Every structure is written in structure tokens, then in C-alpha cells.
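Colleague: no sequence for this one, just the structure:
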């Protein structure tokens, strides 16, 4: 069974540019989460999809961030325009379905975003 | 709201034991433990659910004290492969939204 995959693994962009990160969860997993880790700090929740619906986007920093999950499969996270403070590692995680709090979340390898 | 982990860092010799604590000021539904090595994805270790329980596999185990809203991760007879940063993630709503502690860096030396 394939794990959670993320693309790209690294991205270096200039301030003001746009970047789109992609996450492919494990097949059949209804729950998809985005997290971010800024260097040296904790992993922070960004948002949670249940299938194609946004369940909770309370962790999204501002309206420069837009997440979508069309068809309830893969998800994209777009940052437009990027700022220096957006640099960090963006993780995607997925879990199966019901009783989400009691389920293991499988993390992807992350996308390291550097904004210069 | 962020859980507090202690200690922040620990250095061990192979074969020694360690305990990492995770304390929350909020009532918890579950506590998730992960280990992350540099440049890699966080790897799931175990989940503790409210109701107070203890879990374990091999030489890694954990407990959850619901009264204190505190979980502890026990690493026994540490191996070099245990090195990494350990995070506890807490869920207060049973939605899977995890709030992570700041991490505990563990280094195991030969």
C-alpha cells in the first residue's frame, strides 16, 4: 500500500511568487490534514478535510493560503503571494474515517518551502 | 492551548532509559506520539485515548493520566535508532486536529 506522497519535495521561490503544494493521501482515507513546521518550532495544524469538505480551517494563517480537495482525493495548498514567514516544511497527513481522534495519522515526507 | 513537553532535550547512552512528558491545560480526547528524524516524515508511535490507559510495544510504552491531562512516553534500553525529535499531539475534539507540543530532542550515543 502506497503511503502519503507530497510534491514537490523542495521548493525555493521569491517573495511575491505563487507556489502550489500537492498531497496524495492513502487511497480510501477520508480525512486529510495539512500541518506546517517552521524551523525549530512545533508542528502546527493548518486545516482538515473530510472527503472534499473543509471540516476545520482554523489554522490557516491568512487569506494568502488556499486549500482544495477536489473529488475527495488529492489536495493542493496554494500560497499566493508568498512571504518570507511562509518558509517551513508543509506536511500532509491522512487517516481512514470515523472516530478521527482515535485514528493514526499517516504523515507524508513533507514539502520544504523556502521563500527568499 | 499548546501542550508542554519536558524535557526539551535529553542525551542518553545506549541501553539507558528515558521518560518524556506531555501536559495539557485542556481536557483531552486522545494523545498521539510521533518520532521525527531530521528531514523525514513524523512516524507514528502510539495513541492513548481518554479513559486512562497504558500501551506499549517492544521497548517503547506510554501512559495517559486523564485526571492530570498528562501523558508520558517511556523509552527502555534505548537504541541508537531512537534518536530523533519526539512530539506529542493532543486532540481535544475527537476530530483528529492535533495540537503538537514543542518537541523533545533525544540523542542516543554509543
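Modeller: Received, thanks. Computed from a predicted structure; not experimentally measured.
Colleague: state the helix or strand in which the residue nearest in space to the middle of chain A lies.
Modeller: Geometric centre of chain A, nearest residue: residue A:34, 3.1 Å, by C-alpha atoms, centre = their mean. Element membership of residue A:34 [criterion: DSSP states H and E] is strand A:31-37.
Colleague: what is that strand packed up against?
Modeller: Using 3 or more C-beta pairs under 8 Å, 6 or more residues apart in numbering or on different chains; DSSP states H and E, the elements in contact with strand A:31-37 are strand A:43-50, strand A:75-79, strand A:88-95. Every C-beta, even on glycine, is put in place using the N, C-alpha and C of the backbone.
Colleague: adjacent strands (with direction) for the shortest one?
Modeller: According to DSSP bridges, strand A:75-79 has the following sheet partners: strand A:19-24 (antiparallel), strand A:65-68 (antiparallel).
Colleague: could I get the ones you listed as JSON lines with mean neighbour count?
Modeller: Shown next, in JSON lines, are the strands paired with strand A:75-79 (neighbours: other C-beta atoms under 10 Å in any protein chain shown):
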{"stretch": "strand A:19-24", "mean neighbour count": "19"}
{"stretch": "strand A:65-68", "mean neighbour count": "16"}
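Colleague: adding mean pLDDT and distance to residue A:2, write those out as TSV.
Modeller: Shown next, in TSV, are the strands paired with strand A:75-79 (pLDDT from 0 to 100; distance: least, C-beta to C-beta, whole Å):
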stretch	mean pLDDT	distance to residue A:2
strand A:19-24	98	8
strand A:65-68	97	21
